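Student: what's the 3D shape of this:
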Amino acid sequence: MAAGIPEGIVLIMLTGIGAVAWWGIRRIVEGQDDIRDNLAGINEKLAKINGRVGKNETRIETHERHTDERYREHSSEIDKLWAQVDRLRENHGYNGRA
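Tutor: Modelled structure (predicted):
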């Protein structure tokens, strides 16, 4: 009987060690799963942000292109108006006095 007690204690100790090891491994795996889930969420958010930034860049480029086109058109129209003013001055002898 005396020999059975140490074996029982050893068995209980090994069972306890195994349970603690299993619990530790399970915590590590769950932690890795949480990290993976967090990283997947971050990845999704970054993809959305990247898409929005791309859309905004396209919108800004389009706006700048339209602004440049309008500037060229307005400059051309102003040049034409000044050319007409110069022709009127030449045809009517305008010398700068009213």
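Student: just the helices in this protein please.
Tutor: Secondary structure of the chain by DSSP state H: the helices cover 4-92.
Student: Would you mind listing where it has pLDDT under the threshold?
Tutor: 1-5, 94-98 (pLDDT under 70).
Student: Any idea how many residues pack against Glu7?
Tutor: By the criterion of other C-beta atoms under 10 Å, Glu7 has 9 neighbours. Heads up, the C-betas are built off the backbone N, CA and C, glycines and all.
Student: Hmm, I typed the wrong one, I wanted Thr58.
Tutor: 10.
Student: what do you get for the one 5 residues further on?
Tutor: A total of 10 residues lie near His63 under the criterion other C-beta under 10 Å.
Student: wait, what's in contact with it?
Tutor: Contact analysis of His63 by C-beta atoms under 8 Å, 6 or more residues apart in numbering lists nothing.
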